[in-house]
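I'd like to go over a predicted model; first the sequence, then the structure.
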Amino acid sequence: MPDTPSWTPFGRVLTAMATPMTPDGAMDEGGVRALARHLADTGHDGIVVNGTTGESATLTDDESIEAVRLVAEEVGDRVAVVAGVGSNSTAHSLEMTERATAVGASALLLVSPYYNKPTQAGLIAHCRAVADSTELPIMLYDIPGRTGIPFATETLVELAGHPQIQAVKDAKGDLAASIRVMAATDYLWYSGEDALNLPLLALGAVGVVSVVGHVTGRRHAELIAAVDAGDLARAREIQDSLIPVVDAIMLTSQGAIMAKAALVELGVIEHATVRLPLVEGPEEHLEILRRGLAASGVTA
């Protein structure tokens, strides 16, 4: 892949980075740095910090900001550092936006407010409040299966008029809705669901925000390059080769759990520790993971 194109401040191959932890559950600062280097060295031109896979729900604010600082310090000169600042409190999102910017974030990820389920008018007001507070580019994160509230097509079209709101991470799983928004806006569109990377790229997405990319970054770069070149046969070959590892990480139990387990299997991080209510996978899940890695040709 070439350097980050001037037309996307987010990069094109991104992974929602896990947050390495020590066996006692503390954030592993050395592990964060090592994982950031691994991603920057394996085809990525962007890293999302404090996304779902980073266990943002169970990190403290100080830990979240420290993770951004560590990644920006370690690889911020090589990749876009996209900081997750979403919350179901607009005031909290504004605070996290300010703090993440201060420690080196180059872009922001803003998920729809979860649990309290605002109306679409409230969702628009929330996103605009954050966008009005920053000069950084924002990627909206549409994942209603986790948040309970989707970005409606009309909402996304309206928010596209804000100069800081420039991209969408699409984990909605509704290709028809994606087509409509892409046709009506100039959003930089990103696949946020590994099983749909190729369909969304073929429909006009510019990149991916992956979980499986922890261990397949170079393959995702090859996939995007094949689509850019119009070689859909090659793109299908790449996507098909990734099915076993995608299924092993995303369908066996839960993405953050299995991504960390895969990174341990490949020697990238030392521990697969996750925080409650997540628990590490049992041996039978690790066996499924090992078979999936082998079937997809993923090695250290």
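Here it is on my side, so go on. Residues are numbered from 1 along each chain as shown.

how about the strands in the stretch 51-200 of the chain?
Counting by DSSP state E, counting those that start in this stretch, the stretch 51-200 of the chain has these strands, from start to end: 80-84, 107-111, 138-142, 165-170, 188-191.

and these, which is most packed in?
strand 80-84 (a mean of 29; mean count of other Cβ atoms under 10 Å). Quick note: C-beta positions are derived from backbone N, CA and C, even for glycine.

what strands line up against it, and which way round?
When sheet partners are counted by DSSP bridges, strand 80-84 sits next to strand 46-49 (parallel), strand 107-111 (parallel).

got those as a markdown table, with mean pLDDT and distance to Gly281 columns?
Conversion of those to a markdown table gives the following (pLDDT from 0 to 100; distance: least, Cβ to Cβ, whole Å):
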| stretch | mean pLDDT | distance to Gly281 |
| --- | --- | --- |
| strand 46-49 | 98 | 23 |
| strand 107-111 | 98 | 25 |
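
how about the strands of the stretch 51-200 of the chain, which one is nearest Val274?
Distances from Val274 to each of those were compared by Cβ to Cβ, and the smallest falls on strand 80-84, at 17.1 Å.

now the closest one - C-alpha only, CSV.
Output for strand 80-84, consisting of C-alpha atoms alone and laid out as CSV, is shown next (Å, rounded to 0.1, in the frame of the first residue of the first chain):
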residue,chain,number,x,y,z
ALA,A,80,-3.1,8.0,11.6
VAL,A,81,-4.1,7.7,15.3
VAL,A,82,-7.9,7.6,15.5
ALA,A,83,-9.1,8.0,19.1
GLY,A,84,-12.4,6.6,20.2
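
need the strands of the stretch 51-200 of the chain in a markdown table (columns: distance to Gly204).
Formatted as a markdown table, the strands of the stretch 51-200 of the chain follow (distance: least, Cβ to Cβ, whole Å):
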| stretch | distance to Gly204 |
| --- | --- |
| strand 80-84 | 20 |
| strand 107-111 | 20 |
| strand 138-142 | 16 |
| strand 165-170 | 11 |
| strand 188-191 | 6 |
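
between those strands, which one is closest to Ala129.
That would be, of those and by Cβ to Cβ, strand 107-111, which comes in at 10.3 Å.

how far off centre is the closest one?
Relative to the mean C-alpha coordinate of its chain, strand 107-111 is positioned 10 Å out (Cα atoms, centre = their mean, to the nearest Å).

so it versus strand 165-170, what angle?
For strand 107-111 against strand 165-170, the angle by axes from the mean of the first three to the mean of the last three Cα atoms, to 10 degrees is 50 degrees.

may I have strand 107-111 exported as PDB, CA atoms only?
Presented in PDB, the C-alpha positions along strand 107-111 are these (Å, rounded to 0.1, in the frame of the first residue of the first chain):
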ATOM      1  CA  ALA A 107      -8.600  11.900  14.100                       C
ATOM      2  CA  LEU A 108     -11.600  10.800  16.100                       C
ATOM      3  CA  LEU A 109     -14.000   7.900  16.200                       C
ATOM      4  CA  LEU A 110     -17.500   8.800  17.400                       C
ATOM      5  CA  VAL A 111     -20.000   6.000  18.100                       C
END
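
what about the residue nearest to Val274 when sequence neighbours are not counted, how many residues nearby?
Among residues not flanking Val274 along the chain, Ile257 sits closest, at 5.6 Å (Cβ to Cβ, 6 or more residues apart in numbering). Other residues near Ile257 come to 22 when the count uses other Cβ atoms under 10 Å.
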